[in-house]
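Student: need coordinates for the below:
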Amino acid sequence: MPGIIVGIDGSDHSKLALEWAMKEAAIRHAPLTVIIVHPVIAGFSGRPVHYPTDDSLVDQARTSAREVVDKTLARLAGAGPETVTLDALSGFPSEVLIDASRDADMLVVGSRGSGGFGRLLLGSVSSQVAHHAHCPVVVIPAEDRG
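Tutor: The predicted model follows:
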């Protein structure tokens, strides 16, 4: 996927990353690919375990992501990228994003996701992506609300 890839999960951090990636893609006249991953659990082998209900959960994730993408584009009022593609997948989020980074020009993620360790400065997915991606990575920090 040439161009800019942004990983989102519905968290406020990922919404900031999405907006930044849209603006950057517009400036660079680059295509933007938005990826949302329905996370799965690891089996005894360490490989992802997929269940029959995962397909419907991926569809729900796609619908939620489409709403976030549409709202963000509307808020940018024409200052967004020329093309936006949305991919909804099932797997390990960091692994999916790292694989997608192979042909990308840039990968964008929020500093924290929707995981349960809110006091961490960098979430596990953004940390894995920053260390293992095949392209430059931009980690968007949270807005200072203090």
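
Student: domains of this structure?
Tutor: What the record gives for the chain is the domain set 27-91, 92-146, from automatic domain parsing.

Student: what about the first one, how long is it end to end?
Tutor: Spelled out, it's domain 27-91. End-to-end distance of domain 27-91 (C-alpha to C-alpha, to the nearest Å): 31 Å.

Student: tell me which of the domains of the chain lies nearest to residue 21.
Tutor: Nearest of these to residue 21, taken as C-beta to C-beta: domain 92-146 at 4.2 Å. Just so you know, the C-beta spots here come from the backbone N, C-alpha and C atoms, and that holds for glycine as well.

Student: turn the domains of the chain into TSV, including mean neighbour count, mean pLDDT and distance to residue 6.
Tutor: Listed next are the domains of the chain as TSV, based on neighbours: other C-beta atoms under 10 Å; pLDDT from 0 to 100; distance: least, C-beta to C-beta, whole Å:
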stretch	mean neighbour count	mean pLDDT	distance to residue 6
domain 27-91	15	91	6
domain 92-146	17	82	4
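
Student: where along the protein do the strands fall?
Tutor: 4-8, 32-39, 41-42, 48-49, 84-91, 106-110, 137-140 (DSSP state E).

Student: hmm, who's touching the helix ranked longest in the chain?
Tutor: If you go by DSSP state H, the chain has its longest helix at helix 54-76. Applying C-beta atoms under 8 Å, 6 or more residues apart in numbering, the contact partners of helix 54-76 are 8, 10, 15, 18-19, 22-23, 26, 34, 36-38, 40, 80, 84, 86, 88-90.

Student: right, and residue 97 touches residue 104 too?
Tutor: No. The criterion here is C-beta atoms under 8 Å, and residue 97 misses it with residue 104 at 9.4 Å.
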